[in-house]
Each structure stands twice: as structure tokens, then as C-alpha cells.
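> Everything below, folded, please.
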Amino acid sequence: MSALWTSEEIAEAVGGKADGLFEVGGVTFDSREVGKGDLFIAMKGEATDGHRFLDKAFGAGAAGAIVSEPIPQPHVLVGDTNKALNDLGRASRERSHARIVGVTGSAGKTGTKEALYAALDYGAPGKAHRSVKSYNNHTGVPLSLARMPRESRYGVFEMGMNHAGELAALTRLVRPHVAIVTTIASAHREFFSSEEEIADAKGEIFQGLEEGGTALVPFDSPHRDRLIAAAKPYAARIWTFGLGEGADIRARDVIYGQPGGTLVTAQLPDADLNFTLAPPGEHWVSNAMAVLGAVEALGGDLGAAGLALAELAGLKGRGERHRIRVGGGEALLIDESYNANPSSMRATLKVLGNENVSGRRIAVLGSMKELGEGSDGFHAGLAEPIEAARVDYAILVGQEMEALAKALGQKVKIAHVPDVASAAELVRKEVGPGDALLVKGSNSVGLSALVEDLARGGS
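You can find the predicted model right below:
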């Protein structure tokens, strides 16, 4: 495989001047992530300046850097390193012959991105590329583009936003052939007055579609028609996906709770596919329909996609499962600690309710952030799905959870605690053999530390 970038190519892409000849195999702006042969971009932010970490980057094996100040090591000198990142991402997209997919949504976008990558990679091993982690913002998207190997056949890019107009800029950089909106929910309501405004902001992803492109819209969403209207000026083809009758890509038959996963018969515009879906939950069935729709739109291998979905592992913080040792036995730990909004809370509580357990169902639920003035109502609204999931014990973490504690009252055994440390003490005392433990909350609550401790055997 050829080098990802040469110093001459970098200089041309970013309008800079190369000092020294070098080739790189990777790109990063985080000195902690630098590997041997990488390009380090010394970006300047409000809190720090990447130029301070150049010695660390080269000490870790960087082959070259993009800088705005001359240095003795091999580099490309530019006026603005932040702009250079965007320019490098744009140049990567322009040189690529890959078929590109953009993914957004209020929930499920990272899981869908990973599942789609797995499906495409299964059919074309080593030829699919995707954004890693949740690199989905104004720096993560161009970085992910800049990292795309020139030989890639497929690229899958996650795009996020918390203000109107952000997705429009990102999607015009990515220029997808297929654009997916997974779901619309009350995430980032602090910055939007209604879900309709969120739908409009998510619908911006269609503005970057390449000519002849396909828009994939959630059929079961109350905002379906709004999203279709947003796609019409830009998409040559609009497909809906989901569980409801009438969806273009539909889960026609679904059997939950089977050994090895959920059995699904998917009906697509030009084919039917029977497959097993490893991750549990109705929300994953819907996301799988988006994956299959994208594979079909790209002309990929549907059979390979089905096999990939059967082998799909849970993602850290987004459904990863652990068997943890407790009290001479084992308990199930479901890690959903990365993030939370009302929609994703309901979906994962439903998964907990469907678990076959010999012990109790315990939910450690952290506050949902950025919900604005409606925060109390959104938190209190979780009382019904908690009861429906037959939760035996709910440990509620954070000030915002007070509204839910009041809504639950005496209906479910609860503990309302201020922080993760307090929750951890209760978990260590309470969780026993045969229990199923769900841990979910907004990332800033810090419940991932509890999951890591339990997974290491700290219970």
C-alpha cells in the first residue's frame, strides 16, 4: 500500500511550503495519539497550542508536521494550521474514488457508522475506511477524511452538530453519495426550541449529496416527512427505512431474544435478506435497515453485510457487554455510558427489560445534559419506560435526576446520589449473581469510570 501522504502532496493540498522530504502513514492533531510515521498537525485552540507538543510528537515517531512556525524537524509551513486540516481533508476527498456515506442522527449514529463499516469491510476486506471514535465535528470530520487511504473503495463518516448550520458545512466537505439520518430526538435541546428545529438541522446532511445520491430517512419517525422534504432538492433517490409497513427498507419479520441475536427478514427495494443481528434491541433493528439500505445504494454485497451484522460486537460505551464477577457468581453489565438523551434512554431501558435474568434488573442512570428548559420534563418522562422495563432498582446520578426521582416516587426502589463515586458504592453493595446492570448517562457525568472499574473486577 502506498504512503497516505508525501510532503509534496501535503504542501500542495494546504498551500504550504515543505521543508524536508517525508512520507506519512497516518494523521493526528493529538500528540498522545502519534504513532511511528504519522503526520502531526500543530493546531492552535483557545486552551492550548499544538506547537508546544512538537518534541513529544517527534519523540513518539512522527515523520513530519504541519506548523505555522518554522521548526528544525521535517515540516510543511502554513499560515493557519486549523485551515490546513480542512484543506487536507478536502484534498483527500477530491483525490478519492471511494463511494462515500455520511451518517447523522440524534442517537445511533456511531453504532450505525461502525455497523456499516463492518458490512462494507466484510464484502471488500481492507478497502473500507471510517471515522474513528466519535470524530464527528468541525475538526474530527476533516481529520477522518485526511486519514482515508487513497485506495479506499468505501468511506463512512459520522457527522454531528449542536447548532444549526454546522452539518451543512460538514456535509459539503464530505460530499456523500449516501446520506443517513438515524433518528430525531430531543438531544441538544439547550440549543433548539423544538424537535422540528433539530430535524431541520439534521436534514442539512442532504445538502452535500453528490449528483445521483441517495437519502435514507427513518420511516417510523414523526419527522419523516420533514426530512423527506429536506432531502428532495438534493437527492436523486429517497428511501425510508424502519419497522413500519410501507418503509422502502423494512424489517418485515423480527424474532427477538434468540440465541446468537435477533432473527430478521429484511425487505429491500430489489431483494429480501434473512440474517441474524447480534446487538439486541428494536433500535438496532432499525439501524440495521439503514445499513442494508446504504449497502444496496452503494452496490455492495448484501450477503456479506448480513454476515457482518451477525458478528457485530457491542461498542465501548454504546452497548458493550461484560460478564463481571460478583459474590461468587456473575452479573451482566451493559455499558451505555458514553451518552444519553430521552430517546436512547428509552431504547436501552427496553433492552434491559427484555433481558432474561435470574436476579434483578438494576439501572444506573446519569443525568441527560443539554436539554434546556425542558430538562425536568424529559427526565421525569423516563419513569414510564423504567416501570415498563421492570427495573428492580434505579440508581439515579446527578442533580437533573431529581425530577425522575420524584416522578418514580415509591413505584420503583430508587437511590438518588450526587456523583459517580456515590453510585459506585451502592453498586458494589447491591449487584449480585444473576443481576443485569445497565449503566447509561451523558458522557460528562463520568459513568464510564464506573464501567471500567466493574469490568476490571472492582465490584
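> Stretch 101-117 spans what distance, first to last residue?
Start-to-end span of stretch 101-117 (CA to CA, to the nearest Å) is 10 Å.
> distance between that stretch and the chain's centre?
Between the centre of stretch 101-117 and the centre of its chain there are 6 Å (CA atoms, centre = their mean, to the nearest Å).
> Check the model's average confidence along that stretch for me.
The average pLDDT within stretch 101-117 is 94.
> Could you list the buried residues of stretch 268-284?
Residues of stretch 268-284 classed as buried: Leu268, Leu273, Phe275, Thr276, Leu277, Ala278, Pro279, Pro280, Gly281, Glu282, His283, Trp284 (neighbour count, 16 or more other CB atoms under 10 Å). Just so you know, the C-beta spots here come from the backbone N, C-alpha and C atoms, and that holds for glycine as well.
> measure it end to end?
Stretch 268-284 has its terminal residues 17 Å apart, counting by CA to CA.
> From start to finish, how long is stretch 362-382 in a straight line?
Distance between the two ends of stretch 362-382: 15 Å, counting by CA to CA.
> Direction included, what does the longest strand along the chain pair against?
Counting residues, the longest strand found in the chain (DSSP state E) is strand 249-258. When pairing is defined by DSSP bridges, strand 249-258 lines up against strand 237-242 (parallel), strand 261-267 (antiparallel).
> Looking at those, which one is packed in the most?
For the strands paired with strand 249-258, the largest average neighbour count (mean count of other CB atoms under 10 Å) is found in strand 237-242, namely a mean of 22.
> CA-only coordinates of that one in PDB, if you can.
Output of strand 237-242 as PDB, limited to C-alpha atoms (Å, rounded to 0.1, in the frame of the first residue of the first chain):
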ATOM      1  CA  ARG A 237     -33.400   8.900  -4.700                       C
ATOM      2  CA  ILE A 238     -35.000   8.900  -1.200                       C
ATOM      3  CA  TRP A 239     -35.500   5.600   0.700                       C
ATOM      4  CA  THR A 240     -37.200   5.200   4.000                       C
ATOM      5  CA  PHE A 241     -36.100   2.500   6.500                       C
ATOM      6  CA  GLY A 242     -37.500   1.000   9.600                       C
END
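> so how far is that strand from its chain's centroid?
Averaging C-alpha positions (CA atoms, centre = their mean) puts strand 237-242 20 Å from its chain's average.
> low-scoring pLDDT stretches of this structure, where are they?
For the chain, the stretches with pLDDT under 70 are 1, 186-190, 259, 458-459.
> now with 50?
Filtered on pLDDT under 50, the chain yields the residue ranges 459.
> domains in it, as residue ranges please.
According to automatic domain parsing, the chain is divided into the following domains: 5-81, 96-310, 320-455.
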